[in-house]
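Q: What would the 3D arrangement of this be:
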Amino acid sequence: PMVFSLNSVINDENTSPTSSMMGSSETETNRIRKEANHFKEETDDATQIQGMKADGDGLKVLFLSSDTGGGHRASAESLAKQFQLQYPGTTYELLDIISDFAPRPYNTLVPAYKHLSAHPKQWQVVYDVSNTRVSEIILDAHLKLWSERAVRKRIMSYDPDVVVSVHPMMTNVPVVSCEKISQETGRHLPMFTVVTDLGSGHCTWFANGVEKMFIASDQIRELAKSRGKVHDDKLVQIGLPIRHDFGVQAEKLGDRMSPAGKEYQAQIRRELGLNDDIETKNVLVMGGGEGVGSLASIVDKLYVEFVEKGINASIVVVCGRNEQLRHDLDTRDWNQVMSEKTVSGHEGCWTNTRNVSDMISSGSGCLSYGVSTQLRRIISSPVSMNNAIDLAGSVPLHERDEELKSEEDHEGVRKELINATDNEDSTSCDLYSQEEVTSADLGKVEVVGLGFVTKMAEYMVAADVLVSKAGPGTIAEAASVGLPVMLTSFLPGQEEGNVDFVVQGNFGSFCADTDPEMIAEEVSQWLTDEDRLKSLSQAAASIGAPNAAADIVKIIGDSTVHWRDINNGLSS
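A: A predicted model of the protein is given here:
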């Protein structure tokens, strides 16, 4: 069985590395050992965590998950760390019952997911077909018939105090197995489900029979009640479990828009080796664990937009395992980027007045008007719920990189901008064609490429805006530190609701990564409007739950200890 043991990762040099949300140029073994040792340092200091339980015996926890995306494993590990903080001596394993025990085609879930997530249209077909009542009944019967006995045997071999599922396809069979184990042994084995989605939830999440089901939003509550017939008394709405570091950083940061918050933000930037000038904006760009998505195009447009708008900024790009992207950013000729700027139409930026289903059915949110390429854009505003209609037709003139290697390169960027303005065709509707562009008008921009990141909480604290795909864990992490979010892509079905969660929560927008120019323009508007940025940040913080993992573990742990005492005849 595929299991994960913290101690074996730290102590056994032959341990196979687990997957991570981010990648690096380091070997996988060194990387995961480094992360595990980082966690060990946290647990050594567990007794100093305010409000944490520092005494009592540890628990044996069995997590059920699979590597279909990084979010499930990340949630399990964040919960595991809290168990070890609150219940010292806790041990845990992570078991993938689908890969190990399910019949075909279910046992090919991990490689199939990797393929389908890279082909969204195929994924949407599979998701929509499987997310029906008929498919749910067939899957439920098939898995119980072919794998329940093996799953029960495996669970019994670990002899856990509690079973926690963080994966939708690992609820229906384990619920039955835990119930049968309780009957066979005369010792009650509690099971809990932690739903790791924010806005959309597959029907297989909501198997009844668990002690409690932890959810993160009203949207998931409604799905649990309607699809799974789960009663309110079993639903506990706390938030998505995220890494312990975010709770620590959220407490230190406080209100990021306050003077104290800005001072702490500058301190973190210094520690990370970033520009600590609080007037210099910081944009964090992510594309998922593999560094996927149109990151290069997005970074190019952000760079150009910031230079042209006179925004001094650092663009920090988490490249993940995409070493080619990191190399390209390190060696990119930004003069060339400036010279290749073009006018393009916009697909649109989606706001709290529209949802993802509307976007899919109606297509573009922008209309072009003749050769002038003036655009009507639907833009988001947490201050006003009404749509703002803007006319935009400017050719983006763009930014300069503070990290260019010489003053000659700086001058080259300036000349490219000035020449581009002088030579602009009249049909391009360049709003700056009648104005003089000088070096003083240009923003100073640096681009920083990162590989594997162990201090994601600190990087989010350092940032003013996050640009990312619509992964639920990333969204929850950003909200926990009050960070506004620009979403650029999502998996149909599975992540659509996450977009609605952000947009309707008024702490971000969605602009498709197929229109990087629109992304850049929207982000630049946020950065040049302090009131808007403050409103976005406050909305994010109001939704964020930085201590969700600790709160979930406290409830699960207390219940598990209670049942263990009963099983041992120490309580009634």
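Q: any idea of the mean pLDDT for stretch 516-527?
A: Mean per-residue pLDDT for stretch 516-527: 95.
Q: how far is it from where the chain is centred?
A: Computed by CA atoms, centre = their mean, to the nearest Å, the chain-centroid distance of stretch 516-527 equals 20 Å.
Q: Under the pLDDT cut-off, which ranges of the stretch 251-400 of the chain? List them.
A: Applying pLDDT under 70 to the stretch 251-400 of the chain flags the ranges 288-293, 341-400.
Q: how about a cut-off of 50?
A: 289-293, 342-345, 353-354, 356-400 (pLDDT under 50).
Q: could you pull out the strands for it?
A: Here the stretch 251-400 of the chain has its strands, by DSSP state E, counting those that start in this stretch, at 281-286, 313-318, 349-350, 367-369, 374-379, 388-392, 400-401.
Q: partner strands of the second one, parallel or antiparallel?
A: What that stands for is strand 313-318. When pairs are called by DSSP bridges, strand 313-318 turns out to pair with strand 281-286 (parallel), strand 444-450 (parallel).
Q: Out of the ones you listed, the one nearest residue 226 is which?
A: strand 281-286 (32.7 Å; CB to CB). Where C-beta positions appear, they are placed from N, C-alpha and C, glycine not excepted.
Q: Now do the buried residues in the closest one.
A: For strand 281-286, burial by neighbour count (16 or more other CB atoms under 10 Å) applies to 281, 282, 283, 284, 285, 286.
Q: Kindly report the same for stretch 73-85.
A: Here stretch 73-85 shows 73-85 as buried, counting by 16+ other CB under 10 Å.
Q: Would you mind putting the strands paired with strand 313-318 into a markdown table with distance to residue 130 alongside?
A: Output for those, formatted as a markdown table (distance: least, CB to CB, whole Å):
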| stretch | distance to residue 130 |
| --- | --- |
| strand 281-286 | 28 |
| strand 444-450 | 36 |
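Q: For residue 459, which of the ones you listed is the nearest?
A: strand 281-286 (5.8 Å).
Q: For the closest one, give me every contacting residue.
A: 269, 274-275, 295, 298-299, 302, 306, 311-318, 320, 459-460, 462-469, 474, 483, 523, 527 (CB atoms under 8 Å, 6 or more residues apart in numbering).
Q: CA atoms only: put it into CSV for me.
A: Extracted C-alpha coordinates of strand 281-286, given in CSV (Å, rounded to 0.1, in the frame of the first residue of the first chain):
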residue,chain,number,x,y,z
LYS,A,281,4.4,46.5,-5.4
ASN,A,282,4.9,42.7,-5.3
VAL,A,283,2.9,40.3,-7.5
LEU,A,284,3.1,36.6,-6.9
VAL,A,285,2.5,34.5,-9.9
MET,A,286,1.8,30.7,-9.6
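Q: for residue 85, helix, strand, or coil?
A: When classified by DSSP: H, G, I helix; E, B strand; the rest coil, residue 85 comes out as helix.
Q: Send me the strand or helix carrying residue 459 as PDB with only the CA atoms.
A: Here residue 459, judged by DSSP states H and E, is contained in helix 456-462. Output of helix 456-462 as PDB, limited to C-alpha atoms (Å, rounded to 0.1, in the frame of the first residue of the first chain):
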ATOM      1  CA  MET A 456       4.900  29.900   0.700                       C
ATOM      2  CA  ALA A 457       3.200  31.600   3.600                       C
ATOM      3  CA  GLU A 458       6.000  34.200   3.700                       C
ATOM      4  CA  TYR A 459       5.800  34.800  -0.100                       C
ATOM      5  CA  MET A 460       2.100  35.400   0.200                       C
ATOM      6  CA  VAL A 461       2.600  37.800   3.000                       C
ATOM      7  CA  ALA A 462       5.200  39.700   0.900                       C
END
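Q: ok, then the element right after that helix?
A: Taking DSSP H and E, what comes next after helix 456-462 is strand 465-468.
Q: what comes up buried for stretch 112-124?
A: Here stretch 112-124 shows 112, 113, 116, 117, 120, 123, 124 as buried, counting by 16+ other CB under 10 Å.
Q: Tell me the helix or strand right after the helix ranked longest in the chain.
A: Assignment by DSSP state H gives helix 133-158 as the longest helix of the chain. Remark: after helix 133-158, the chain's next helix or strand is strand 162-165, criterion DSSP H and E.
Q: Paired strands for that following strand, with orientation please.
A: By DSSP bridges, strand 162-165 pairs with strand 60-64 (parallel), strand 191-194 (parallel).
Q: okay, the ones you listed, which one's buried deepest?
A: For the strands paired with strand 162-165, the largest average neighbour count (mean count of other CB atoms under 10 Å) is found in strand 191-194, namely a mean of 28.
Q: The following helix or strand past that one - contacts with which helices or strands?
A: Proceeding N to C from strand 191-194, the next assigned helix or strand is strand 213-215, under DSSP H and E. Using 3 or more CB pairs under 8 Å, 6 or more residues apart in numbering; DSSP states H and E, the elements in contact with strand 213-215 are strand 191-194, helix 218-227, strand 235-237.
Q: For the first one, C-alpha coordinates in PDB please.
A: Extracted C-alpha coordinates of strand 191-194, given in PDB (Å, rounded to 0.1, in the frame of the first residue of the first chain):
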ATOM      1  CA  MET A 191     -14.300   8.100  10.600                       C
ATOM      2  CA  PHE A 192     -14.400  11.700   9.400                       C
ATOM      3  CA  THR A 193     -14.500  13.400   6.000                       C
ATOM      4  CA  VAL A 194     -12.700  16.700   5.300                       C
END
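Q: Check what contacts it and list those residues.
A: 75, 79, 162-166, 171, 174-175, 178, 205, 207, 209-214, 241, 552, 556.
Q: The shortest one too?
A: Surrounding strand 235-237, the residues in contact under the criterion CB under 8 Å, 6+ apart are 212, 213, 214, 215, 216, 217, 218, 221, 224, 225, 552, 555.
Q: roughly how far apart are the fourth one and residue 106?
A: If you measure residue 215 against residue 106 using CB to CB, to the nearest Å, the figure is 25 Å.
Q: Neighbour count: the two, which is higher?
A: More neighbours surround residue 215 than the other of residue 215 and residue 106, with 28 against 18 (other CB atoms under 10 Å).
Q: Tell me which residues touch that one, please.
A: Contacts of residue 215 (CB under 8 Å, 6+ apart): 195, 221, 224, 235, 236, 237, 238.
Q: before we move on, back to that, dump the strands paired with strand 162-165 into CSV; add distance to residue 100 and mean pLDDT as well.
A: Output for the strands paired with strand 162-165, formatted as CSV (distance: least, CB to CB, whole Å; pLDDT from 0 to 100):
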stretch, distance to residue 100, mean pLDDT
strand 60-64, 11, 95
strand 191-194, 18, 96
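Q: Relative to residue 133, which of the ones you listed is closest?
A: strand 191-194 (19.3 Å).
Q: hmm, back to that, could the strands paired with strand 162-165 go into CSV alongside distance to residue 518?
A: Formatted as CSV, the strands paired with strand 162-165 follow (distance: least, CB to CB, whole Å):
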stretch, distance to residue 518
strand 60-64, 40
strand 191-194, 35
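Q: To residue 327, which of those strands lies closest?
A: strand 60-64 (36.2 Å).
Q: Just the residues contacting the closest one, thanks.
A: 76, 79-80, 83, 90-97, 155, 158-167, 170-171, 174.
Q: switch the cut-off to 6 Å
A: With contacts defined as CB atoms under 6 Å, 6 or more residues apart in numbering, strand 60-64 is touched by 76, 83, 91-95, 158, 160-165, 170, 174.
Q: Return the most buried member of the helices and strands packed on strand 213-215.
A: strand 191-194 (a mean of 28).
Q: how much distance is there from that strand to the middle of the chain?
A: 21 Å.
Q: now swap in stretch 184-198 and tell me
A: 25 Å.
Q: for stretch 490-501, same thing?
A: 12 Å.
Q: Please apply the same query to stretch 469-487.
A: 6 Å.
Q: Quick one: residues in contact with that stretch.
A: 71, 74, 197-198, 240, 242, 246, 249-250, 253, 256, 288, 293, 460-461, 463, 465-468, 489-490, 495, 498-499, 502, 507-510, 523, 536-537, 540-541, 543-544, 546.
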